[in-house]
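Undergrad: sequence and predicted structure below; questions after.
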Amino acid sequence: MSVSIISARLPTGDTPVCNVTLEPYVLIKRGDTTVTADDIPEEGSHEPGLQLRSRWYRSSIPRGGAVCSVHPDKEATVQCTVCLRCKVAVHLSYHCSAECFRSSWQQHRDYHQQAHTNGQENGVDNNKVVSSTLSAGGETWVEVARTHKYTPTQDDVGFVLKYECSIFDPNHPYIDLGRPMLAFTSRVRPAPNLPVRNLVRLPLSPGLAKAGPNNRFTVLSYNMLADLYAKSDSYNHCPAWTMAWHYRKCNLLKELLTHKPDIMCLQEVQSDHFTEYVHPELTKAGYMGIYKKKTTEIFTGSQYTIDGCATFFRHERFHLVKKYEVEFNKAAISLADQMTNLQQKKATMNRLLKDNVALIAVLEMIDPDSRGGSKQLICVANTHIHANPELNDVKLWQVHTLLKGLEKIANSADIPMLVAGDFNSLPGSAAHSLLVKGRVEPSQLEASSDPLGLLRDTKLQHSLPLASAYAALLDYPPITEQLKRQRARVDPTHREPLFTNLSRHFKATLDYVLYTRDSLAPAGLLELPADTECVNKPGDSLPNANWSSDH
């Protein structure tokens, strides 16, 4: 059976970035069928038959101008000459502006000291031996790998990479089975510097301050921007490589693991990405995860997929006791089934069937010092409420439905609760008031906000003593500069951050972390960034090279 390579290419818009793995897409003709590299064993495999031989090469001449080491989507205009004298890796010496250089000066001082200690020249160990070189077309290429996938290193920054593949018969190594296929990258960009967000410690009462480490835990909520939504025109301001999933997934994972939360509530986690990447990677990092996808899938051109909510927790801190999956569509159907008017039933279904979901986990805290007896339970609710700004009644109905379900859990057990997610509701809206005040004021329910009268006869209230975590910043005097700075980033009227979503035409708060104030107390909060810290220049928006989500 004849086997030959049809094509080898890198993903569309692919720009290589340091520490982000490249995987060429190779099409192979095998007899009358077409297969991919996944169907042919790599060279060196113990499997019998033909194999795929791969080689990666780095050009010997840097291409194009230098790029900023902090903002890799921008060209460099400033270089640190001290880095050059100290023989720091050259790509770390570049910045896009004088202000960028000034803000990174402390990092440069660390580079200078580290380079002096390591005795390295241009960031490359002088004892390192290059495996082989290849001259072609008057240019010399240095071999850097013999695998199908390759992860660029700091040595590759500023250089072009070449991928070469061919079919190889280990039993007849000298027989030519067709010409090699080539694919070239653009120049390798440096890895972005992950934005630093510290924990703001809150002053606690003496009783709470004495609580041991086993009674403390951290929780993080994050809308990851599913890849199926990242392709819309809303993000055409971003360079294509910053929106590519193979880049964003590494950046998002790095950001999550930097904070080391005990519990993660993630939204817009695409179902195939949960299975293929997010769950395996977080499992390796010590987490267990549960997932609930939305109820209708979308065809993306190659497969059906959809996003959903994922909740992860450290297996050394928690056991999963029970999981509840909330499908708001089921609640909508149940509501419509109680109606006798067919027109009303049809209108209700059309209005409320929006495929949103919530995921509730009851966790048991692991206390290594416990000597038997009852274990502390925590209920964690993670949700993504409908986004359409014209359907505020749907948002309110979904939030009310979720809270009623949580009330049932609270009535069955004395259990602290966390409610987190993307609620797609502004501070001061009816849905937000229901969350933090336990009720909706009649003035917030105008006829225009409830066109079908679905909420008119509903008791829009609940008994859960919920409080928004970031409101705690306003409960303490600004005794430190950090607290003073953070309080200025909270809206004093609604006691919420000034924004959690920053896009081209929208800047507001949509995401919340809430807790039952009779059983939990915030001991610290992740710093709120200023909008100028999220973007490279005024008028820019998220996502970008540093922040891979618009939340």
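TA: Sure thing, it's come through. Numbering: from 1, shown residues only.

Undergrad: when you work out contacts or count neighbours from here on, use the C-alpha atoms and nothing else.
TA: Fine.

Undergrad: report the buried residues of stretch 257-265.
TA: By 16 or more other CA atoms under 10 Å, the buried positions in stretch 257-265 come out as 259, 261, 262, 263, 264, 265.

Undergrad: okay, how far is it across that stretch, tip to tip?
TA: Terminal residues of stretch 257-265 lie 13 Å apart, using CA to CA, to the nearest Å.

Undergrad: same check, this time on stretch 376-394
TA: Start and end residues of stretch 376-394 are separated by 35 Å (CA to CA).

Undergrad: can you map out the helices along this protein?
TA: 81-85, 98-103, 105-118, 206-209, 240-243, 245-259, 271-273, 279-284, 328-337, 342-352, 392-412, 430-437, 481-487, 531-534 (DSSP state H).

Undergrad: other SSEs contacting the second one?
TA: Of the remaining helices and strands, none touches helix 98-103 by 3 or more CA pairs under 8 Å, 6 or more residues apart in numbering; DSSP states H and E.

Undergrad: in it, which residues are buried?
TA: Within helix 98-103, the residues that count as buried by 16+ other CA under 10 Å are 100, 101.

Undergrad: and what of the third one?
TA: By neighbour count on 16+ other CA under 10 Å, the buried set for helix 105-118 is 108, 111, 112, 115.

Undergrad: hang on, the earlier thing: in CSV, list the buried residues of stretch 257-265 along with pLDDT and distance to residue 308.
TA: Listed next are the buried residues of stretch 257-265 as CSV, based on pLDDT from 0 to 100; distance: CA to CA, whole Å:
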residue, pLDDT, distance to residue 308
259, 94, 22
261, 97, 20
262, 98, 20
263, 98, 17
264, 98, 14
265, 98, 11
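
Undergrad: what's the most buried one of the helices of the chain?
TA: Scoring these by mean neighbour count under mean count of other CA atoms under 10 Å gives helix 430-437 as the most buried, with a mean of 22.

Undergrad: starting at the chain centroid, how far to that one?
TA: Put simply, helix 430-437 sits 27 Å off its chain's centre (CA atoms, centre = their mean, to the nearest Å).

Undergrad: what's the answer for stretch 198-208, then?
TA: For stretch 198-208, the distance to the chain centre is 28 Å (CA atoms, centre = their mean).

Undergrad: and if you look at stretch 396-409?
TA: 27 Å.

Undergrad: quick one: average confidence on that stretch?
TA: Here stretch 396-409 scores 97 as its mean pLDDT.

Undergrad: then it to PDB, C-alphas only?
TA: Extracted C-alpha coordinates of stretch 396-409, given in PDB (Å, rounded to 0.1, in the frame of the first residue of the first chain):
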ATOM      1  CA  LEU A 396     -34.200  37.400  37.000                       C
ATOM      2  CA  TRP A 397     -36.300  34.300  36.500                       C
ATOM      3  CA  GLN A 398     -33.100  32.100  36.200                       C
ATOM      4  CA  VAL A 399     -31.500  33.700  39.300                       C
ATOM      5  CA  HIS A 400     -34.700  33.200  41.300                       C
ATOM      6  CA  THR A 401     -34.900  29.600  40.100                       C
ATOM      7  CA  LEU A 402     -31.400  28.900  41.200                       C
ATOM      8  CA  LEU A 403     -31.800  30.600  44.600                       C
ATOM      9  CA  LYS A 404     -35.000  28.600  45.300                       C
ATOM     10  CA  GLY A 405     -33.000  25.400  44.600                       C
ATOM     11  CA  LEU A 406     -30.300  26.500  47.000                       C
ATOM     12  CA  GLU A 407     -32.900  27.300  49.600                       C
ATOM     13  CA  LYS A 408     -34.100  23.700  49.600                       C
ATOM     14  CA  ILE A 409     -30.500  22.500  50.200                       C
END
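
Undergrad: run through who's touching that stretch.
TA: Stretch 396-409 has contacts (CA atoms under 8 Å, 6 or more residues apart in numbering) with 326, 328, 331, 358, 385, 430-431, 434-435, 455, 460-464.

Undergrad: cool, stretch 187-201 as well?
TA: For stretch 187-201, contacts defined as CA under 8 Å, 6+ apart pick out 15-19, 62-64, 67, 69-72, 91, 152, 154, 156-161, 254-255, 482-483, 523-529, 545-547.
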